[in-house]
Structures are given as C-alpha cells and as structure tokens.
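**Student:** Okay, predicted coordinates and the sequence, questions at the end:
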Amino acid sequence: MLAVGTFAMGTDSFVLAGILPQISHGFGVPVSSAGQVVTAFALTYAVLAPLLAAATHRIPRRLLISLALMIFILGNLGGALAPSLPLLLTARAVTAVGAALFTPTANGIAIALAGPQRRGTALSIVLGGLATGTVVGVPVGTGLGQQFGWRASLVFIAAVAVAALLALLASLPPLTNPAAATPAQRLSVLINGPVAVVVLISTLATASGILFYTYIAEVLGAVAHVRGWQLTAALIIWGAGAAGGAFGSGPLTDRIGPRPMVIIAIACTGASILALIFAGGLGPAAPLLFIGGAAGWAVNTPTNHLVSGLVPAAAPVAISFNSSGTYLGQALGAGLGGALLAGGLPAAGLCVAAAIGSVCTLIMFLATGRVTTRNQQEALPECSESASD
C-alpha cells in the first residue's frame, strides 16, 4: 500500500521531462528555463525532507501520509492553473512539500516492518511504486500533455494521487510513531562520515542521470529523431527498465551486497546514456533506454541499504538524508543540464556530460570503499522504529 503512494510520486517526478517543450512553448520561454520546474521541485524536497521529518514526528503515520498526499494534490492542481512560470515554480515547490513528507516516512515504515534480513526487498517494493509510475503514469501523462496541453498532465497526476489517498485511507492500519530524535542526534547522523559519503554518492549518481533525463525529449529528438508517439514509446521503455531496476535491485542487493550493486548500477547508467549518441532511431535506442532506466533506478535501494546499515538504530533519519541527497541530485542535474543547453551545448552533449558524471561518481565510490563499509556502532535508540509496533 505504501507503493501505491510512491506510484503517484514517481509519476509526478518524471512526467514533466516529457512535456518540457509544451511548457516552454506555453509560457514563451526557452526549454532550459522550463526545465527549472524540475529544479524547483527537487531542491525544495532536498532541503525540507529532514526538517519535515523532525517537525512531524508526533503526527500519527497514517494521518501524516494522508496530509502529505493532500498537499501533493493541491500543489499539482495549483500548477495546472498557474498563469505564469514563476507561479508554476511555486506550485512545484508546494508539491515537493507533500512528496518530502510522504516518501521518507514510507521507507522508514517499510524497514521497520521488514527486519534486517529483508531490508533491501522492502525498500525495493516502496521504490518500485516510484518506478511503476514511470512505466504507466509518465507515458500516459506525457501523451495527455502532448494531446491536450501540459496542464492536462498535472491534472492527471492529481487524479493519480487522489486514487492513492483513497487506497491508503481504506487499507493502511494505524501505525506507531517512531520515537523522536533530538536535533543533536539528527545532526550526528548527518555528520557521520560514512553516511555523508553515501549521501554524496547518491547525490552525484542521481545528478548524472537526471542531467540527461530532464531533457530526454530534446536529446532523443537530436540523437535518434524520436518525437511524438515515439517519445511516448521511449518513455515507456525507460519506465519498464526503471521498474525492473527498482523491484530487482532489492533481492539482488540482499544477495550480492549493497556495494557491488551500487558499482554495477552507476557503471551501467553512464555507459548506456553515452551509447545513445550513436543511436539513429528508436530501435537502436530502445535497449539502451531500458538499461539506463534499470540502472538509474537501481542505485537508490543499495544506498538506502548502506546508510541504514551504518546507523541501524537511526535508519529513518539516515534515509531521510539520503532521500534529500537524491533530490538534491535531481536539482543539480536539471539545473546543470539547463545551463549547458543555454550555454550552447548541443543536446547530444548532455549524454557525454552525464557519462562523465557517472565515471567521476564511480571513481569516488571505489576510493571510499573502507569508509562506506565500516559498520557504525554508535546507535541512536531514540530514532528507532519497532517492527513489532
């Protein structure tokens, strides 16, 4: 049921990449400026997720998730009605507040209920909801945006969130709140060396992939002549890979360990995006898009596994910081991609930039092997959630 909610989040986070040309045309601004709607959402999420986790720890989990989805719905409807780009950016920030409340809470509950032996699988189920949004929600939303205008896409996302809210209200049982962590304890998790390294890796890995994905419509049009219905098909292929990577990364992480999983995911992301430069059409691009989607979405589960293992008693807090790192990476990637395009870089050049980012991230991760595998012994019992509760 938690994955039903993250399905709505996944649809919202990635559908705008397919309709940026429509937003650009509608407001009469460059695509690089329209791309900042992704930055506004991601940056707001990155900054607020840990703060909201601290501020809302006394709210019952079921009520908190419901409130989060309501804010999320209002943000999308406000965006659909926005008469200007600044107001759309504001609406995207409001939408991000709802997502920042929902996703870390869902991950924390999943870990607490699953136990350490199935931590990766539980995380991949929640993440799988996000990825399934890219398979089903993103292509549908993109198609609606191309057919009826980009505002229709945001109305569609709001409708998905309403369905998620109703499903959770009908089926999610009452849940015991995690005990509150003091500000000092939360800060100690953030400044914990191994945790900070993993969060940095999450940030850079995400930035590399999002730098390409935010402008996927522009890139695929330039390198593979993919437009119109073919773009919708391309997004479906990417989303199918994303779902496979999200759901499959959990059991695979439990089997081979989180570090090998991170290495494989980052390497495959960079290689597949770079290879798109040589794709002359949708056919050659299809397997690369599938691999890129799978690898890009396979990073989140093992990094969450790593941070929750480094501070097991403070896993929800650590995951909230890692989630912030992921969305900060989205903001950085979207912002950098827009700056590169505005600076005159050809759309195909974003593939090279994304590959360079992946290589640098992989080198950094390999160089910090001992740090990220060190078992953190200083548990924070006040932050823990009881699986029995």
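**Tutor:** Received the coordinates, thanks.
**Student:** May I see the buried residues of the strand or helix carrying residue 38?
**Tutor:** Following DSSP states H and E, one finds residue 38 within helix 36-55. Using 16 or more other C-beta atoms under 10 Å as the test for burial, helix 36-55 gives 36-50, 52-53. For glycine as for every other residue, the C-beta is placed from the backbone atoms N, C-alpha and C.
**Student:** Just name whatever secondary elements it is in contact with.
**Tutor:** Applying 3 or more C-beta pairs under 8 Å, 6 or more residues apart in numbering; DSSP states H and E, we find helix 36-55 packed against helix 2-27, helix 85-114, helix 183-190, helix 315-342.
**Student:** Run the chain-centre distance for the helix or strand just after it.
**Tutor:** Using DSSP H and E, the helix or strand that follows helix 36-55 in sequence is helix 61-81. Put simply, helix 61-81 sits 17 Å off its chain's centre (C-alpha atoms, centre = their mean, to the nearest Å).
**Student:** can you check stretch 353-360 too?
**Tutor:** That offset, for stretch 353-360, works out to 18 Å (C-alpha atoms, centre = their mean).
**Student:** Residues touching that stretch, excluding its own?
**Tutor:** 204-205, 207-209, 211-212, 266-267, 269-271, 273-274, 336-337, 340, 345 (C-beta atoms under 8 Å, 6 or more residues apart in numbering).
**Student:** if you set the cut-off to 10 Å instead, what comes out?
**Tutor:** Applying C-beta atoms under 10 Å, 6 or more residues apart in numbering, the set of residues contacting stretch 353-360 from outside is 204-213, 219, 265-277, 292, 295-296, 329, 332-333, 336-337, 340, 345.
**Student:** Give the other helices and strands that the helix or strand hosting residue 249 contacts.
**Tutor:** Using DSSP H and E, residue 249 maps to helix 229-256. Using 3 or more C-beta pairs under 10 Å, 6 or more residues apart in numbering; DSSP states H and E, the elements in contact with helix 229-256 are helix 2-27, helix 119-132, helix 138-148, helix 193-213, helix 216-223, helix 258-275, helix 282-297, helix 300-310.
**Student:** Would you mind naming the helix or strand containing residue 156?
**Tutor:** Using DSSP H and E, residue 156 sits within helix 150-171.
**Student:** Could you give the average pLDDT over that helix?
**Tutor:** Per-residue pLDDT over helix 150-171 has a mean of 88.
**Student:** Double-check residue 195 against residue 312; I have them as touching.
**Tutor:** No: under the criterion of C-beta atoms under 10 Å, residue 195 makes no contact with residue 312, lying 11.6 Å away.
**Student:** Okay then, goodbye and thanks.
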